[in-house]
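**Student:** quick one: sequence plus predicted model below, questions after.
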Amino acid sequence: QFVFAASPVSLAVGCTLFLLLSVLGLRFALRQQTRRALSIRLAAHAEETTAPARIRRSSLIIAGVAVVIGLAALGASGRVMPAQGAFYLAGFAFLAAGIATCRAWLARPLTTDRDAPLDAAYLGGLNLRARRSRNLTVVGLIASAVFMVLSVSSFRKHVGSDWLERRSGTGGFAFLAETTAPLNLTRDGGPGRFELFEKHAADLGAIVPLRAGVGDNANCFNLNTTALPKLLAVDSAALATRQAFPIAAPGWAALRPSNPDTSIPAFVDETTLMWALKRKVGDVITYTDEQGRAFDVRIAGTIRDSIFQGYLIVDEQLFLKKYPAHAGYSLFLLDAKTAANLPALRTRLETGLADAGGRVELTRDVLAAFHQIENTYIAIFNVLGSLGVVLGSLGLAIVVARSLRERRGEFAVMTAIGIPRAVLGRMVFSEYGRLVLWGLAIGAVASIIAIWPSLATLPAIPAALLAGGLLMGIVALNLVSGWLVFHWSLRDLRPSIEQAAQ
């Protein structure tokens, strides 16, 4: 049940902080704008108070520092931080470097070539340098929007074609079977031999059973907060022999400590640890054994993007010391001898386990179901970001319209001295077209760097391209609106033209 939790105190604090920050922002902006006399600024149609050489020098320094940070993040990928986080940080750093480079380009010295024609492109370049702050705002808005929409796609998760590899999130197992009635080994005591699986021995490889202990499932399908995640006990030596699942050194051997009288070590999925449990490696969770005595389970490591989401994995021998009367195994990892026709084999296995209330799933489908939930949250963030882009694009249109509106006198003088309106239109298009190209190029390059680890995942590319297409459509609409504002500004210029001619 969701309850609206706003209180008068929280509303009052929020409104007060909002007004305070707004006043501070206005004060800072006015302080910057009033450093020069207003009459001089209006006469010159200029907004800059800093020398272009100083702006260019500081911009290049910022760009260089940002590039160094980006390269350092790329170097730390897979070592100090995960690849996705490292590339996203590098993309953000290169985004800042690109915007700083554009700022330096806007402050570049004016080269006068007497033989060069005074065409629309040349005039547009002069106007870009006259209003650097507004133009940089346009570039920064477009670049940030492109980066934000496209880079979010890098965090989408998909099951790759290597899902049967032992170092993948499935551990190389093809099936995950679960029974409501606990099973035990056959009477001959063979390793991994169970009566219900004997008839499929020709199709199955290794069978790794797991014992389900106390606790609740803490995976992403459970919307409730879980204080005690369910324990799963497994023969860690069997998984260590297979080198199954992506676990850092020393691997599964960490589940069998040299001093078993201390807390029981456990592995947990990274997603469960971060979002469901909100804990970190080294934290301790207290459980109660079958004698009513409390014991500690220590999080010793994580498994990256695995089918064990929602569980704590402990060693079977240590688990049986706390629960010696445990009924048996209820979860099984099944290895298929061949990857051909796995759906048909799954159907036969599920039929054979019907008497034990069995349910068999492909590990690929289990992992994909987890990813679908996680990708839904990412899609929500993407939608919210896209709404922000739409609102920001309206601000972009307002900035362009204001700039064109303020230049009506300039357009009137150019028309009075004989410059055709078509040339003025090409000048405006050249001016703002360059800004759009700068913004799209900076955002695209930065986002490609951010999503580089995910480029091999083909399903993520169409979504990113679709988002980029929608974003570019919004930018195109803003350009059209700016074009209409330009022609509207030129519609009634006769009084201004006559005054300019006098």
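**Tutor:** That came through, no problem.

**Student:** when you work out contacts or count neighbours from here on, use the C-alpha atoms and nothing else.
**Tutor:** Fine.

**Student:** scan the protein for its longest helix.
**Tutor:** Ordering each helix of the chain by length in residues (DSSP state H) puts helix 363-406 first.

**Student:** next helix or strand past it?
**Tutor:** Following the chain from helix 363-406 toward its C-terminal end, the next helix or strand by DSSP states H and E is helix 408-416.

**Student:** which parts of that next one are buried?
**Tutor:** Neighbour counts over helix 408-416 (16 or more other Cα atoms under 10 Å) mark 408-409, 411-416 as buried.

**Student:** can you name every helix or strand that the one helix or strand residue 101 maps to contacts?
**Tutor:** Assigned by DSSP H and E, residue 101 falls within helix 83-106. Using 3 or more Cα pairs under 8 Å, 6 or more residues apart in numbering; DSSP states H and E as the contact test, the elements touching helix 83-106 are helix 52-75, helix 132-151, helix 421-450.

**Student:** and it with helix 421-450, angle?
**Tutor:** Computed by axes from the mean of the first three to the mean of the last three Cα atoms, to 10 degrees, the angle separating helix 83-106 from helix 421-450 equals 150 degrees.

**Student:** what is the mean pLDDT for helix 83-106?
**Tutor:** Helix 83-106 comes out with an average pLDDT of 90.

**Student:** before we move on, back to that, okay, the helices and strands packed on helix 83-106 in TSV with mean neighbour count and mean pLDDT next?
**Tutor:** Putting these into TSV (neighbours: other Cα atoms under 10 Å; pLDDT from 0 to 100) gives the following:
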stretch	mean neighbour count	mean pLDDT
helix 52-75	18	91
helix 132-151	23	83
helix 421-450	21	83
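
**Student:** tell me which of the ones you listed sits nearest to residue 17.
**Tutor:** Distance to residue 17, taken as Cα to Cα, is lowest for helix 132-151 among the helices and strands packed on helix 83-106, at 25.3 Å.

**Student:** helices and strands around that closest one, which ones?
**Tutor:** helix 83-106, helix 363-406, helix 421-450, helix 460-489.

**Student:** how far off centre is the longest one?
**Tutor:** In terms of Cα atoms, centre = their mean, to the nearest Å, the centre of helix 363-406 is found 11 Å from the chain centre.

**Student:** now do the shortest one
**Tutor:** Averaged C-alpha coordinates place helix 83-106 at 16 Å from its chain's average position (Cα atoms, centre = their mean).

**Student:** what angle do helix 52-75 and that helix make with each other?
**Tutor:** Going by the same axes, to 10 degrees, helix 83-106 is angled at 170 degrees with respect to helix 52-75.

**Student:** give me the next element, helix or strand, following helix 83-106.
**Tutor:** As assigned by DSSP H and E, the chain's next helix or strand after helix 83-106 is helix 120-130.

**Student:** tell me which other helices or strands that following helix touches.
**Tutor:** Against helix 120-130 (3+ Cα pairs under 8 Å, 6+ apart) you get helix 421-450.

**Student:** from the contact counts, what lies against the helix it packs on?
**Tutor:** Here helix 421-450 touches helix 83-106, helix 120-130, helix 132-151, helix 460-489, going by 3+ Cα pairs under 8 Å, 6+ apart.

**Student:** okay, now the sheet partners of the helix or strand just after the third one, with direction.
**Tutor:** Right, helix 132-151. Heading C-terminal from helix 132-151, the first helix or strand you meet, by DSSP H and E, is strand 175-183. In its sheet, strand 175-183 lies beside strand 329-336 (antiparallel), strand 359-362 (antiparallel), with partners assigned from DSSP bridges.

**Student:** among these, which is the most enclosed?
**Tutor:** The highest mean neighbour count among the strands paired with strand 175-183 belongs to strand 329-336 (a mean of 22), with neighbours defined as mean count of other Cα atoms under 10 Å.

**Student:** show me what counts as buried in stretch 293-306.
**Tutor:** By neighbour count, with 16+ other Cα under 10 Å as the criterion, the buried positions of stretch 293-306 are 295, 297-306.

**Student:** meant to ask about stretch 159-175
**Tutor:** So, applying 16+ other Cα under 10 Å, buried residues of stretch 159-175: 159, 163-164, 166-175.

**Student:** could you give the mean pLDDT of it?
**Tutor:** Model confidence over stretch 159-175 averages 89 on the pLDDT scale.

**Student:** what's the end-to-end length of that stretch?
**Tutor:** Stretch 159-175 stretches 15 Å from its first residue to its last (Cα to Cα, to the nearest Å).

**Student:** give me the residues contacting that stretch.
**Tutor:** Identification of contacts with stretch 159-175 by Cα atoms under 8 Å, 6 or more residues apart in numbering yields 242-246, 303-307, 333-336, 342, 346, 360-364, 367-368, 457.

**Student:** ok, 6 Å please
**Tutor:** Here stretch 159-175 makes contact (Cα atoms under 6 Å, 6 or more residues apart in numbering) with 244-246, 305-307, 334-336, 361-363.

**Student:** which single one of these is nearest to residue 144?
**Tutor:** residue 305 (29.4 Å).

**Student:** will you turn the helices and strands packed on helix 83-106 into JSON lines that also has distance to residue 327?
**Tutor:** Conversion of these to JSON lines gives the following (distance: least, Cα to Cα, whole Å):
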{"stretch": "helix 52-75", "distance to residue 327": "50"}
{"stretch": "helix 132-151", "distance to residue 327": "49"}
{"stretch": "helix 421-450", "distance to residue 327": "49"}
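
**Student:** of the ones you listed, which is nearest residue 223?
**Tutor:** Each of the helices and strands packed on helix 83-106 was checked against residue 223 via Cα to Cα, and the shortest separation belongs to helix 132-151, namely 27.2 Å.

**Student:** kindly indicate which of the buried residues of stretch 159-175 lies nearest residue 139.
**Tutor:** Lowest distance from residue 139 to these (Cα to Cα) belongs to residue 159, with 36.6 Å.

**Student:** against residue 203, how distant is that closest one?
**Tutor:** Separation of residue 159 from residue 203 (Cα to Cα): 24 Å.

**Student:** likewise residue 98?
**Tutor:** With distances taken as Cα to Cα, residue 98 is found 56 Å from residue 203.

**Student:** which one's more surrounded, these two?
**Tutor:** residue 98 (27 against 14; other Cα atoms under 10 Å).

**Student:** so which of the helices and strands packed on helix 132-151 is nearest residue 231?
**Tutor:** Among the helices and strands packed on helix 132-151, helix 363-406 comes nearest to residue 231, with 18.6 Å by Cα to Cα.

**Student:** what's the average pLDDT for that closest one?
**Tutor:** The predicted model gives helix 363-406 an average pLDDT of 79.

**Student:** that helix packs against which elements?
**Tutor:** Applying 3 or more Cα pairs under 6 Å, 6 or more residues apart in numbering; DSSP states H and E, one finds that helix 363-406 contacts helix 460-489.

**Student:** one more time with 7 Å, if that's ok
**Tutor:** In this structure, helix 363-406 makes packing contacts with helix 132-151, helix 460-489, judged by 3 or more Cα pairs under 7 Å, 6 or more residues apart in numbering; DSSP states H and E.
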